[in-house]
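*Asks:* With the input below, show me the fold.
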Amino acid sequence: MTPQKPDQKIDFALFAHLYTKKEAVDFLNKLSSLVNGQYNTKINFSQLVDQTISVDEKKVLSEFAKEMGIDLMNPTAFARLIEEAKEMMRRIPTLTLTLSLSPTPVLLEQISQWVENNCQEKYFLDIQIDHTLLGGAVVAVNGVFKDYSLKRKFEDKYKNKDLLKVGVQQPNRQSQEVTASQ
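*Replies:* This is a model prediction of the structure:
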């Protein structure tokens, strides 16, 4: 396979390890600071790389640059790579996922892989937390909104029933205590 030029379309491999829009923005900000650091003669670039990006990110970036035929030590080529990566990131759609609890990193990876496998496309997740959902999820993508939450299921099932109405009279506590002591 011939290496691609930096100005050609960037493969999504650069973003494969990123699951959320926030992670992608943070990663690009780190890379941008590296571009700026290349021009600073007072800073050792290798040390700056070690301080700015993780070992895993360094590995992904190195493999990607090698595949693309980009010399990361060439400030012009590296800056062009960052600009292309920013443009590519803008083309990756975002799926907003509202959950009742913050997902663990493992669950976030599983959700992201499931979305990618089932949609046949890379999506960045925008995770929102709404503790009132009780469980399940609310999904929004490309203007389509679907509510798969337990809250919604309970509301649908018990609509117009006293069980979930606010202000339903609770049993008298005194009568419960008497029953319990008998």
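*Asks:* contacts and neighbour counts: CA atoms only from here.
*Replies:* Will do.
*Asks:* what's across from Leu97 in the sheet?
*Replies:* Using DSSP bridges, the bridge partners assigned to Leu97 are Ile127, Val139.
*Asks:* Centre-most residue in this structure?
*Replies:* Geometric centre of the chain, nearest residue: Thr20, 1.3 Å, by CA atoms, centre = their mean.
*Asks:* Just to check, it is in contact with Gln113?
*Replies:* No - taking CA atoms under 8 Å as the definition, Thr20 is not a contact partner of Gln113, at 11.8 Å.
*Asks:* Would you mind splitting the protein into its domains for me?
*Replies:* Domain ranges of the chain: 12-91, 94-161, per automatic domain parsing.
*Asks:* Averaged pLDDT, the last one. What do you get?
*Replies:* For domain 94-161, the per-residue pLDDT values average out at 89.
*Asks:* Can you tell me what sits against the helix or strand hosting Val25?
*Replies:* According to DSSP states H and E, Val25 maps onto helix 21-38. Helix 21-38 has contacts (CA atoms under 8 Å, 6 or more residues apart in numbering) with 15, 18, 43, 45, 48-49, 52-53, 73, 75, 78-79, 82, 85-86, 89, 94, 124-126.
*Asks:* cool, and stretch 106-117?
*Replies:* The contact list for stretch 106-117 (CA under 8 Å, 6+ apart) reads 19, 121-125.
*Asks:* Just the closest of those residues to Asp156, please.
*Replies:* Comparing these against Asp156 with CA to CA places Leu125 closest, at 27.3 Å.
*Asks:* before we move on, back to that, and the helix or strand following the helix holding Val25, what does it pack onto?
*Replies:* With elements assigned by DSSP H and E, the helix or strand that comes after helix 21-38 is helix 45-52. Here helix 45-52 touches helix 21-38, going by 3 or more CA pairs under 8 Å, 6 or more residues apart in numbering; DSSP states H and E.
*Asks:* from the middle of its chain, how far away would the helix it packs on be?
*Replies:* How far helix 21-38 lies from its chain's middle: 16 Å, per CA atoms, centre = their mean, to the nearest Å.
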